[in-house]
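Engineer: here are the coordinates; sequence isn't available:
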């Protein structure tokens, strides 16, 4: 594969806020690849036509919500993680095939590891979309046995309950108002908020929860979110979504360069360092 004029992009709507171009371009520069990486506004209705109309100059795409679900029907093959979660955030164009991958799970696992969390037993996930699905699979990798899934409509949690069952996690859907009493009777190790950036949960978390659990809020702009602000004000442990963004992007670079998210890049520690500096 020639690296001349190779094209990549991140798709979404809105997309102007995305930090992905800086991350990816830093990596390709460090790897000596003269590749382009742009932001392109595409919505769910248009993603299928966009993906299927790319020419041979294209190597891959990064996808934001809701495109992670909408792209699945036009892919020729998806990896095991994308199949499990039903969502692909990465498309690789490879010899006429359109291959889908989910690097969000790895991004969450690695972000939590950076914060010192490599094992956990009980967690809370706020929200019910594609990132929540990735969070469940990531928490399963950490050994979590029970997840309280907090939603505005708990009846919408059936798909994630089934996903939890498939990865060995008991998922209990409840109303998001339960955040106010969480951890009163069962200790919680990790809270993962997948609410869109700036969204107010409409309820304050309990003191027990803020004092005992690490909060990973996948938002990074605007920051802090209302929920993160509560953790910060109380002196609790909180990390934003930039670490998840960084690590899922590194795995995407592995896909675009070598075709496999499990195979490390040449001089990967240096690549990760320059990507981190670009944030």
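Structural biologist: Done, it's in. Computed from a predicted model, the values in this text were never measured in an experiment.

Engineer: Sketch out the strands for the stretch 51-200 of the chain, chain order is fine.
Structural biologist: Taking DSSP state E, counting those that start in this stretch, the strands of the stretch 51-200 of the chain run over residues 58-63, 77-78, 90-94, 97-101, 122-126, 146-151, 170-175, 190-193.

Engineer: hey, which of those is tucked in deepest?
Structural biologist: Among those, strand 190-193 has the highest mean neighbour count (mean count of other CB atoms under 10 Å), at a mean of 27. The way it works is simple: take the backbone N, C-alpha and C, and place the C-beta from them, glycine included.

Engineer: Could you list the buried residues of the next helix or strand after that strand?
Structural biologist: Sequence-wise, the next helix or strand downstream of strand 190-193 (DSSP states H and E) is helix 207-212. Residues of helix 207-212 classed as buried: 208-210, 212 (neighbour count, 16 or more other CB atoms under 10 Å).

Engineer: mind listing the helices for this structure?
Structural biologist: Secondary structure of the chain by DSSP state H: the helices cover 20-30, 44-52, 67-70, 80-85, 104-114, 130-141, 158-166, 207-212, 226-233, 242-258, 268-278.

Engineer: Look at residue 221 and report its pLDDT.
Structural biologist: Looking at residue 221, its pLDDT stands at 85.

Engineer: Chain neighbours aside, what residue packs nearest to it?
Structural biologist: With sequence-adjacent residues excluded and distances taken as CB to CB, 6 or more residues apart in numbering, residue 221 is closest to residue 17, at 5.4 Å.

Engineer: got it, and residue 268?
Structural biologist: Distances taken as CB to CB, 6+ apart place residue 250 nearest to residue 268, at 7.6 Å, with adjacent residues excluded.

Engineer: how much space between that neighbour and residue 96?
Structural biologist: 27 Å (CB to CB, to the nearest Å).

Engineer: Pull out the buried residues from stretch 9-17.
Structural biologist: Of the residues in stretch 9-17, 9-13, 15 count as buried by neighbour count, 16+ other CB under 10 Å.

Engineer: which other residues reach stretch 132-146?
Structural biologist: For stretch 132-146, the surrounding residues in contact (CB atoms under 8 Å, 6 or more residues apart in numbering) are 81, 84-87, 102, 104-106, 108-109, 112, 117-123, 125-126, 147, 149, 159-160, 163-164, 167-172, 186, 189-190, 192, 194, 218.

Engineer: Type out the PyMOL command that picks the buried ones from the residues you listed.
Structural biologist: Applying 16+ other CB under 10 Å to those, the buried members can be selected in PyMOL as follows:
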select buried, resi 81+84+85+87+102+104+105+106+108+109+112+117+120+122+123+125+126+147+149+160+163+164+167+169+171+172+189+190+192+194+218
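
Engineer: mind giving me TSV with the strands of the stretch 51-200 of the chain and columns for mean pLDDT and distance to residue 135?
Structural biologist: Output for the strands of the stretch 51-200 of the chain, formatted as TSV (pLDDT from 0 to 100; distance: least, CB to CB, whole Å):
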stretch	mean pLDDT	distance to residue 135
strand 58-63	98	17
strand 77-78	98	19
strand 90-94	98	17
strand 97-101	98	17
strand 122-126	98	5
strand 146-151	98	8
strand 170-175	98	11
strand 190-193	98	4
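
Engineer: of all the ones you listed, which lies closest to residue 48?
Structural biologist: Nearest of the strands of the stretch 51-200 of the chain to residue 48, taken as CB to CB: strand 97-101 at 10.4 Å.
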